[in-house]
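Novice: My questions are about this predicted structure, shown below with the sequence.
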Amino acid sequence: MQRVQLQLTLLFLGCLLSFQSLAAVKIQSWQTSQGAKVMFVAAPELPMMDMRVAFDAGSARDGEKWGLASMTAALIGSATATRNENQISDGFNRLGSEFSQQAGRDSADFSLRCLSREDIRKQALAQFSEVLGKARFDDKILQRERSRWLAMLKQKNSQPQVLASDLLWKTLYGDHPYAHSSDGTMQTVETIKQADLQAFYQRYYTASNAVISLVGDLDRKQAERIAEQLAQALPQGTKPKALPPVEEMKNPQTLMREFPSTQTYILNAQKGIKRGDPDYVALFVANEAFGGGGFGSYLMDEVREKRGLAYSVYSYFAPMKLAGPFTIGLSTKNASAKQAQEVVDHSLHTFVATLNEERLQEIKDNLIGGFPLRMDSNAKLVAYISMIGFYGLPLDYLQWFPQQVEKLSLQQVIDAWKKHIGKSPMLRVMVGEPK
């Protein structure tokens, strides 16, 4: 009994410390002399530095060569003007540091993690700056990576859930740059040449197009010097033009693609919201109750618990620079595809009527109580402040968000859901052999 009480006490103290840490998160922001935006949080608790650099260089900037942004990001770190691939890898490993990169539709992101000890930090930063600022695209590495990329795309084409997702984005966004997969297609990747990578790199990997985020055992002056050193390694450049507006589908659509599978993969989507939308918090809370909250959600109860139509069903908003989709997804036996879709349709219409004060408070308590766990490491925190900087959200966002959740009334949640969900045409995609 005493052991259980001790465990509960430690759990309570851990939660208390998490909330205190969250309350203590103070984001500082400024610009370097080269025009790069900097986000900084001092975190002296661990002798580590986490750094993330986000460029407005995602696949929305691909042009006609779909996959160009992702392949450019993937090859950065493979060679520089003075180092080859092995030297770069060995250099980071020797320092016990970690380098990684990724690209999505909006951004290309590069991360460095190392000890904050000055001698190690300086060496890791020097190599990181060289990798980003003096990237070289070796044709032999390009050919190797292209072969690997094509094999990956071929494998994707054998996965019905991926086919459903690609078809959803293509149909929902039409001619917009968001429409195509960040990975590109086998046809477009075949056309990417060394000169394309170099041109994309020179256009988008500039200081004025970068958000530099730092979290770690640093003071403001150290953070300023680090950010300045990295920005100086990049050409100043200019920001790219804003993306064209997202146009809605004119009419609801249902698309079916035959695929030899025992399951039918079903996706429903409509135009959602962009980052910074004033209704985001209310919609986030509503979706936790609808399909984002796992086993306690309305969709899970209707589709799985009551009818046994699917093992899992989910929904989510994907806000981006422009309106990202609101998506509902599940897979079910081919024979039950029609019934499962009917249940989803019915749930969309009946969900709001099931919301009440008790359920809302339960959702709010879970979100507020679990919010500190979303940033319980420096790596998570640097990803958050990078997102805040990239999308121009308020610097107090990490304190503001749970406060707004707590303030929400039931009517505000219902009004936001009714305002957005069902007002845009709904796209339904089925991939499999639905009966």
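Specialist: That came through fine.
Novice: Please make it C-alpha for all contacts and neighbour counts, starting now.
Specialist: Will do.
Novice: which residues touch the residue nearest in space to the middle of the chain?
Specialist: Nearest residue to the geometric centre of the chain (Cα atoms, centre = their mean): Gly104, 7.4 Å. Shown in contact with Gly104 (Cα atoms under 8 Å, 6 or more residues apart in numbering): 58-59, 70, 182.
Novice: ok, now Asp166?
Specialist: Listed by Cα under 8 Å, 6+ apart, the contact set of Asp166 reads 180-181.
Novice: Give the next helix or strand downstream of the helix or strand hosting it.
Specialist: Asp166 is part of helix 160-173 when elements are defined by DSSP states H and E. Moving toward the C-terminus from helix 160-173, the next helix or strand (DSSP H and E) is helix 186-191.
Novice: So which bits of that next one are buried?
Specialist: 186, 189-190 (16 or more other Cα atoms under 10 Å).
Novice: Check the residues you listed against Ile385 and report the nearest one.
Specialist: Nearest to Ile385 among those is Val189, at 32.5 Å by Cα to Cα.
Novice: How about the closest one: what's its closest non-neighbour residue?
Specialist: Excluding its sequence neighbours, the residue lying closest to Val189 (Cα to Cα, 6 or more residues apart in numbering) is Gly67, at 6.1 Å.
Novice: Please report how far that neighbour lies from Thr188.
Specialist: 7 Å (Cα to Cα, to the nearest Å).
Novice: before we move on, back to that, may I have the helix holding Asp166 exported as PDB, CA atoms only?
Specialist: The C-alpha trace of helix 160-173 is given here as PDB (Å, rounded to 0.1, in the frame of the first residue of the first chain):
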ATOM      1  CA  PRO A 160      -3.600   0.200 -51.100                       C
ATOM      2  CA  GLN A 161      -3.500   2.700 -48.100                       C
ATOM      3  CA  VAL A 162      -0.900   4.800 -49.900                       C
ATOM      4  CA  LEU A 163      -2.800   4.700 -53.200                       C
ATOM      5  CA  ALA A 164      -5.900   5.900 -51.400                       C
ATOM      6  CA  SER A 165      -4.000   8.800 -49.800                       C
ATOM      7  CA  ASP A 166      -2.400   9.800 -53.100                       C
ATOM      8  CA  LEU A 167      -5.700   9.700 -54.800                       C
ATOM      9  CA  LEU A 168      -7.300  11.800 -52.000                       C
ATOM     10  CA  TRP A 169      -4.700  14.600 -52.300                       C
ATOM     11  CA  LYS A 170      -4.800  14.600 -56.100                       C
ATOM     12  CA  THR A 171      -8.600  14.900 -56.200                       C
ATOM     13  CA  LEU A 172      -9.100  17.200 -53.300                       C
ATOM     14  CA  TYR A 173      -6.400  19.700 -54.500                       C
END
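Novice: averaged over its residues, what pLDDT does it have?
Specialist: Rounded to a whole number, the mean pLDDT of helix 160-173 is 96.
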